[in-house]
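A.B. asks: quick one, what's the 3D model for this:
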Amino acid sequence: MFGLALWLGALLHSLPAVAATNLPAQYFVLLNTGIVRVEKRLEAEPAADLQALESAAG
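C.D. replies: Residues are numbered from 1 along each chain as shown. Modelled structure (predicted):
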């Protein structure tokens, strides 16, 4: 029983470390996706200001 608890504790302790390792990669994927959306929006509406961009959904 103690071995199972020890194994489970080690597993649960390692999960945040794995997530932290993947976080930078995920951040840059999301950043690049957002940049593409902004570029498309600015191409469609070149005169849009920040207020117009923030007020519209999507």
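
A.B. asks: quick one, grab the pLDDT at M1.
C.D. replies: Per-residue pLDDT puts M1 at 61.

A.B. asks: do the same with P46
C.D. replies: 90.

A.B. asks: helix/strand/coil for E39?
C.D. replies: Three-state call for E39 (DSSP: H, G, I helix; E, B strand; the rest coil): helix.

A.B. asks: oops, could you answer that again for P46 instead?
C.D. replies: Under three-state DSSP, P46 comes out as coil.

A.B. asks: give me the low-pLDDT residue ranges for this structure?
C.D. replies: 1-21, 56-58 (pLDDT under 70).

A.B. asks: in it, which spans are helices?
C.D. replies: Ranges of helices in the chain, per DSSP state H, are 2-44, 50-55.

A.B. asks: which residues touch the last one?
C.D. replies: Helix 50-55 is contacted from outside by 38, 41, 45, using C-beta atoms under 8 Å, 6 or more residues apart in numbering. Using the backbone N, CA and C atoms, a C-beta is placed for each residue, glycine as well.

A.B. asks: great, nothing more from me.
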